[in-house]
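J.: Fold the following and give me the result.
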Amino acid sequence: MTSRVFVRAERVPGERRVAASPDSVTKLRKAGLEVSVASGAGRHAGVSDEAYAAAGAMIVPAGGHVELDVLFHVRPLTASDLDGLPAGVITVGVVDPFRHVSVLQKAASSGITTFALDFLPRISRAQSMDVLSSQALLAGYKCVLFAADAFDRMFPMTMTAAGTLAPARVLVLGAGVAGLQAIATAKRLGGVVSAYDVRSSSADEVRSVGGTFISLDLEAADAVGGYARELGEARAQRQRELLTPFVEAADIIITTAAVPGRPAPQLITSAMMTGMKAGSVVVDLAAETGGNVEASVPGERIPFPVAAGEVTVIGVQDIHSELAVDASKLLGMNFANFLTALTVDGTVLPDFGDELVSGSCLTHQGAIVHPRITELLTKEVAR
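T.: As a prediction, the model looks like this:
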């Protein structure tokens, strides 16, 4: 039986992305799948209903009924989003499960199978489906543009008959995909860029994109899958102490550090910023998930008083929607690559013996099945 995929219009205010592009619809159709798209779903991402239709999708008018076997979503679903979904439906999208456990519990009790693309195993086969990396790439680039817009100087060193302008000194904290893209972008703009990350592999990666790696007298903090692990408070405090001189010397700071399933680590306290130069800019990419910068507020650009004047602190929010066209193009192929890997002759048939499937499936056949989520629930019950 041919599986039917429905691409919904996102409902979170400020979210402009969509989970499919005309190219990804074409890929899904070639795999034998039927595709429906909510009318207007791509309007903020530069994709018209006509473009989807030309690629082979059926357009579902607002309020129209749709038969579906698979639901694509960008933002995590809410409990009300699950209402009306029949048992057996497969949802595919970003789930952020640690912050939406109650929704997972409802999905399980409703007989819905949930796949989280933000939980994909870190294996080579999953790279073309990795929504975290594709979106982080764009976020790192945009953070630097936010900083450049707020900065009251040029990035590059410029020599003129009237004098020489010094280059901007840029500090990037966190050297994952977003951080590396921020380093590369700041370097292309002419900044002098240094960076720090707790993972042992980061030094070579930072140098490969033109940055200078900051070495602190601390042990590395690697976790499984290439992520960073959460630091103990004593280790985190020592790190902040050692980073303070670099913070004070920077003209621009971009923070991108994250620990999966945990609030963002606080890298820069307000006390660390008091010695910064007036006119400096701090951009916190992690503001929405707790913040790397104590002073940041999601979605706000605030003046922060320092000894020499003021520093601008930008708390990032909905940054991917600032580049909705490219973000949606990448997302669409991430989603299509994942689903077609689960498709046999036009039918979605997940093979739970496949690491790709078992590593990203959170609920199935009436239960929460991912060990990291069940472990979390067990700990909560034991408290």
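J.: which residues of the stretch 201-350 of the chain fall in strands?
T.: Using DSSP state E, counting those that start in this stretch, the strands of the stretch 201-350 of the chain run over 212-213, 252-255, 281-284, 301-306, 309-315, 343-344, 347-348.
J.: and Ile112, how many neighbours?
T.: For Ile112, the count of nearby residues is 23 (other Cβ atoms under 10 Å). All C-beta spots, glycine's among them, are computed from the backbone N, C-alpha and C.
J.: Strands of the stretch 51-200 of the chain, start to end?
T.: 58-60, 70-73, 90-93, 113-116, 158-160, 163-165, 169-173, 192-196.
J.: Same list (those strands) but as TSV, adding mean neighbour count and mean pLDDT.
T.: TSV is the format used below for the strands of the stretch 51-200 of the chain (neighbours: other Cβ atoms under 10 Å; pLDDT from 0 to 100):
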stretch	mean neighbour count	mean pLDDT
strand 58-60	16	97
strand 70-73	24	98
strand 90-93	23	98
strand 113-116	25	98
strand 158-160	9	94
strand 163-165	10	94
strand 169-173	28	98
strand 192-196	24	98
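J.: Select, out of the ones you listed, the one closest to Gly332.
T.: strand 70-73 (8.9 Å; Cβ to Cβ).
J.: what packs against that closest one?
T.: Packing partners of strand 70-73 (3 or more Cβ pairs under 8 Å, 6 or more residues apart in numbering; DSSP states H and E): strand 4-7, strand 90-93.
J.: I'd like these as CSV, with distance to Ser280 appended.
T.: Shown next, in CSV, are the helices and strands packed on strand 70-73 (distance: least, Cβ to Cβ, whole Å):
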stretch, distance to Ser280
strand 4-7, 42
strand 90-93, 38
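J.: surely Ser280 meets Val311?
T.: Yes: Ser280 lies in contact with Val311 (Cβ atoms under 8 Å); the separation is 4.7 Å.
J.: which one of those two has more residues nearby?
T.: Set side by side, Ser280 and Val311 show more neighbours around Ser280, with 30 against 22, by other Cβ under 10 Å.
J.: From Glu300, how far off is the more buried one?
T.: 17 Å (Cβ to Cβ, to the nearest Å).
J.: between the strands of the stretch 201-350 of the chain, which gets nearest to Val144?
T.: Of all the strands of the stretch 201-350 of the chain, strand 252-255 comes closest under Cβ to Cβ, at 6.5 Å.
J.: any idea how far the closest residue to Thr343 other than its chain neighbours is from Ser21?
T.: Leaving out its chain neighbours, the residue that sits closest to Thr343 by Cβ to Cβ, 6 or more residues apart in numbering is Ala31, at 4.9 Å. Taking Cβ to Cβ as the measure, Ala31 falls 15 Å from Ser21.
J.: When these two are compared, which one has more neighbours?
T.: Ser21 (26 against 21).
J.: Now that one. Nearest residue, chain neighbours left out?
T.: Gly332 (3.5 Å).
J.: Was I right to think that neighbour contacts Leu28?
T.: No: at 9.4 Å, Gly332 does not count as touching Leu28 under the criterion of Cβ under 8 Å.
J.: what is in contact with those two at once?
T.: Residues touching both Gly332 and Leu28 by Cβ atoms under 8 Å, 6 or more residues apart in numbering: Ala20.
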